[in-house]
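Undergrad: test case, fold it:
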Amino acid sequence: MLKLRLNTFTKIVGLILMLLIPIIGLYWFSNRTSLQIVSDEVEKSMYKDLSFFAAQTDGIAQQLSKSGLVISEDINVRALEFIEIATLYEQTYEKLRIDDKLKLLIASSTWDTTLSIYAPDTRTFVSSNSSLQYDYDLIHNNFSRVWRYTDDVAPYFRKQPRFVRYITEPFDAPVDKATLIVEMSFPVTELNKALDRFKEGGKGDPFFISPEGDVIGTHNANRELQQELIGRMDLQTLTEHPFTRFELAGSEYAVSCVLLPELGMYLVDYIPIQDVVRPITLNSYLFYGSIFFLLIGSTIAAYFLYTNVQVPIRELVRGVRKIKRGEYPTLRTFHPGNEFHFLLVSFNDMARQIEQLIQNVYMETIRSRDANLKQLQSQINPHFLYNCFTLIRSLTRLGEKETVMELALHLSKYYRYTTRSERHTAELREELDLVSSYLAIQAIKVQDLTYEMDIPESMRELEIPRLILQPLVENAVLHGIEPVGCGMIRVTGSRNDRYNVLTVTDDGIGVTEEQLAGLLQQLSMPLTEDKGCALWNTRQRMQLQFGADAGLRIIRPSEGGLTIELYWPNKADSAVA
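TA: Numbering: from 1, shown residues only. The predicted structure follows:
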């Protein structure tokens, strides 16, 4: 698996994000917790206030019910059942006393209450509202022993719905069998006023609702929203939970419901959660807005960092990679005055200097190689010349004039070739001519020396280092043939897809395994004064000319003698100039 590599710019941006994300996450969690706590506290407070208001309203209705019960048990009121036997004065006096008591009870009530008393047997009717007339059908239609919401009211009340309740004597007697009927009533507007006062202290929109669906709300209530809530809520379920949440008109609302046992009504209030938590929401918007502008600023800063730091660093990295590949580029420069501008300019200067130094070293290497080649050739040529002078001296003593002349001819050809130093290489055919002259000279010295050369015509045009074959042939003569006094030397050539090969073979004395190991070891070690230099020099020249793929091999044939092979790459473009 590849290892992900991050540059400095990516790491810095990642670090900023790593620091920013936890802050946003912590704030989001804190904000969510705050919203939840505030919402819960608001719901608890709403339910508490609603319960208090419901208890207060139900208490007033309960007090009114007690007032009616007290009136029904009053001795003067009970006397209405027998008032027909009294004189007119006594009847009038009793009615005035009852009227005073009714007004006293009404004065103690906070609502606009109406109390009426009717004795069916004596057809006597007394009411706190002197404008009312007894209406049996109206009483019969609205009769209820508990508070009842009705819009069937006397004309005096201008068709305003009211709550009514009746007490009879006897207590459980039906309306047509009762001897005394006490009617208590109050207008719905009293509940409307109470709701208006309660609404002033909060953010909700409370309303009363009966199990039958009759709704009593504030004067400025949102009727459409109330109807949407009424259509979705279940009063029985709502009273079992202090508060419930509903999605109304696309917003979330907290809804509370309290039962008023006395009135038989449900008090419902609902408030939008977003209005309650608006300050927290505004703070969160401010925070997220700050984060947004911080991100914009960070983006600008990141872009500035990228263009002023990351791009120059990337350019420097690209330049270093090219230098590793052996290229010496000229980098683009950015933002004059920036520190990286100085680095890029310095890098370009350094690259040019390195390229110049490498060119200098390369030329020095070429010159050193040429000097080395000349030095190697100077080591080979005197060695052969010493041997020739020794041979001429010996032949002269013997009086071999013709042989001396032949030797001098071959020697002149040999040195005519070797003294041409304007080129370091020669065609293989020229080297073969040189080797032929050399072997002819050696054949004069060794009477039974024979030789042959078998080189393909396709190889004779190849360029090889000058005087590369002569040392090998000389070693074959001196160390292979001369010790036994006779033998043959073969010079052959071959080539394949990879290499050109020249082989020098003799059938002389050969070498042992130990001697062969010593020769191979000598080839791999630096030249010293206490060992021969022909094979080492030849191998060094081959590698200097053709590179590390060229070289020299020593082979010990099973039939005796020794074989030396020169090999170099067959491709023309692999040669070192």
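
Undergrad: helices of the stretch 151-300 of the chain, start to end?
TA: In the stretch 151-300 of the chain, helices defined by DSSP state H, counting those that start in this stretch lie at 188-200, 223-232, 235-239, 273-276, 278-305, listed in chain order.

Undergrad: mind checking how far the third one is from the chain centre?
TA: What it means is helix 235-239. 50 Å (Cα atoms, centre = their mean, to the nearest Å).

Undergrad: name the residues that touch that helix?
TA: 209, 211, 244, 255-259, 266, 268 (Cβ atoms under 8 Å, 6 or more residues apart in numbering). Yep, even glycine has a C-beta here, placed from its N, CA and C like the rest.

Undergrad: if we can go back for a sec, just the helices of the stretch 151-300 of the chain: most buried one?
TA: Highest mean neighbour count among those (mean count of other Cβ atoms under 10 Å): helix 188-200, with a mean of 18.

Undergrad: residues contacting that helix, please?
TA: 49, 53, 57, 111-112, 149, 160-163, 205-208, 216-219.

Undergrad: now do that helix, average pLDDT.
TA: Computed over helix 188-200, the mean pLDDT rounds to 87.

Undergrad: run through this structure and note the low-pLDDT ranges.
TA: Low-confidence segments of the chain, defined by pLDDT under 70: 1-9, 81-91, 156-158, 201, 328, 334-335, 362-384, 418-422, 526-534, 572-577.

Undergrad: domain ranges for it?
TA: Domain assignment for the chain, taken from automatic domain parsing, gives 34-276, 360-574.

Undergrad: looks like residue 323 contacts residue 353 (just checking).
TA: No. Using Cβ atoms under 8 Å, residue 323 is not in contact with residue 353; the gap is 11.8 Å.

Undergrad: what about the two, which has more around it?
TA: Each of residue 323 and residue 353 has its neighbours counted (other Cβ atoms under 10 Å); residue 323 has more, 16 against 11.

Undergrad: pretty sure residue 340 contacts residue 312?
TA: Yes. Using Cβ under 8 Å, residue 340 is in contact with residue 312, at 3.5 Å.

Undergrad: can you classify the residue nearest to residue 556 when sequence neighbours are not counted by secondary structure?
TA: Nearest-residue entry for residue 556: residue 516, 5.2 Å, with adjacent residues in sequence omitted and distances by Cβ to Cβ, 6 or more residues apart in numbering. The three-state label given to residue 516 by DSSP: H, G, I helix; E, B strand; the rest coil is helix.

Undergrad: give me the distance between residue 516 and residue 541.
TA: According to Cβ to Cβ, to the nearest Å, residue 516 stands 22 Å off from residue 541.

Undergrad: ok, the two, which is more surrounded?
TA: Shown here are residue 516 and residue 541; by other Cβ under 10 Å, residue 541 has more neighbours (26 against 15).

Undergrad: can you give me how far the helix or strand containing residue 564 is from the chain middle?
TA: Secondary-structure assignment from DSSP states H and E places residue 564 in strand 562-569. Distance of strand 562-569 from its chain centroid, counting by Cα atoms, centre = their mean, is 63 Å.

Undergrad: and it, what's buried?
TA: Buried residues in strand 562-569, counted by 16 or more other Cβ atoms under 10 Å: 562-568.

Undergrad: Serialize those to TSV and add fields for distance to residue 41.
TA: Formatted as TSV, the buried residues of strand 562-569 follow (distance: Cβ to Cβ, whole Å):
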residue	distance to residue 41
562	110
563	107
564	106
565	102
566	102
567	98
568	97
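
Undergrad: out of those, flag the one nearest to residue 272.
TA: Of all the buried residues of strand 562-569, residue 568 has the smallest distance to residue 272: 96.0 Å, by Cβ to Cβ.

Undergrad: from residue 476, how far off is that closest one?
TA: Counting by Cβ to Cβ, the gap from residue 568 to residue 476 is 20 Å.

Undergrad: likewise for residue 415?
TA: From residue 415 to residue 476 the distance is 21 Å (Cβ to Cβ).

Undergrad: the more surrounded of those two?
TA: Using other Cβ under 10 Å as the criterion, residue 415 and residue 476 rank with residue 476 on top: 29 against 16.

Undergrad: how many residues are close by the residue nearest to residue 541 when sequence neighbours are not counted?
TA: Leaving out its chain neighbours, the residue that sits closest to residue 541 by Cβ to Cβ, 6+ apart is residue 465, at 4.8 Å. Counted with other Cβ under 10 Å, the neighbours of residue 465 add up to 22.

Undergrad: who are the contact partners of residue 465?
TA: Residue 465 neighbours (Cβ under 8 Å, 6+ apart): 373, 424-426, 541-542, 544-545.

Undergrad: which members of those are the farthest-apart pair?
TA: Across these (Cβ to Cβ), the longest gap, 15.4 Å, separates 426 and 544.

Undergrad: what about residue 536, neighbour count?
TA: 21.

Undergrad: so after the host helix or strand of it, what's the next helix or strand?
TA: Per DSSP H and E, residue 536 falls inside helix 534-546. Past helix 534-546, further along toward the C-terminus, the next helix or strand under DSSP H and E is strand 551-555.

Undergrad: gap between that following strand and the chain center?
TA: Centre-to-centre, strand 551-555 and its host chain are 62 Å apart (Cα atoms, centre = their mean).

Undergrad: who does it touch, helix- and strand-wise?
TA: helix 513-523, helix 534-546, strand 562-569 (3 or more Cβ pairs under 8 Å, 6 or more residues apart in numbering; DSSP states H and E).

Undergrad: got the contact list for it?
TA: Outside strand 551-555, the residues touching it (Cβ under 8 Å, 6+ apart) are 516, 519-520, 523, 535, 538-539, 542-543, 562-568.

Undergrad: quick one, which of the contacts of helix 235-239 are buried?
TA: Buried among the contacts of helix 235-239 by 16+ other Cβ under 10 Å: 209, 244, 255-259, 266, 268.

Undergrad: what's the helix or strand for residue 501?
TA: Counting by DSSP H and E, residue 501 is found in strand 499-506.

Undergrad: cool, residue 70 as well?
TA: Using DSSP H and E, residue 70 falls in helix 8-73.

Undergrad: tell me which helix or strand comes right after that helix.
TA: Following helix 8-73 in sequence, per DSSP H and E, is helix 75-78.

Undergrad: and that next one, what's buried?
TA: 76-77.

Undergrad: identify the residues contacting the nearest residue to residue 159 once chain neighbours are set aside.
TA: Excluding the flanking residues, the one nearest residue 159 by Cβ to Cβ, 6+ apart is residue 153, at 6.5 Å. Going by Cβ under 8 Å, 6+ apart, residue 153 touches 138, 159-162.

Undergrad: which residue packs closest to residue 252, ignoring adjacent ones?
TA: Closest to residue 252 by Cβ to Cβ, 6+ apart is residue 273, at 4.7 Å.

Undergrad: show me what contacts the one you found?
TA: Counting by Cβ under 8 Å, 6+ apart, residue 273 has contacts 39, 42, 245, 251-254.
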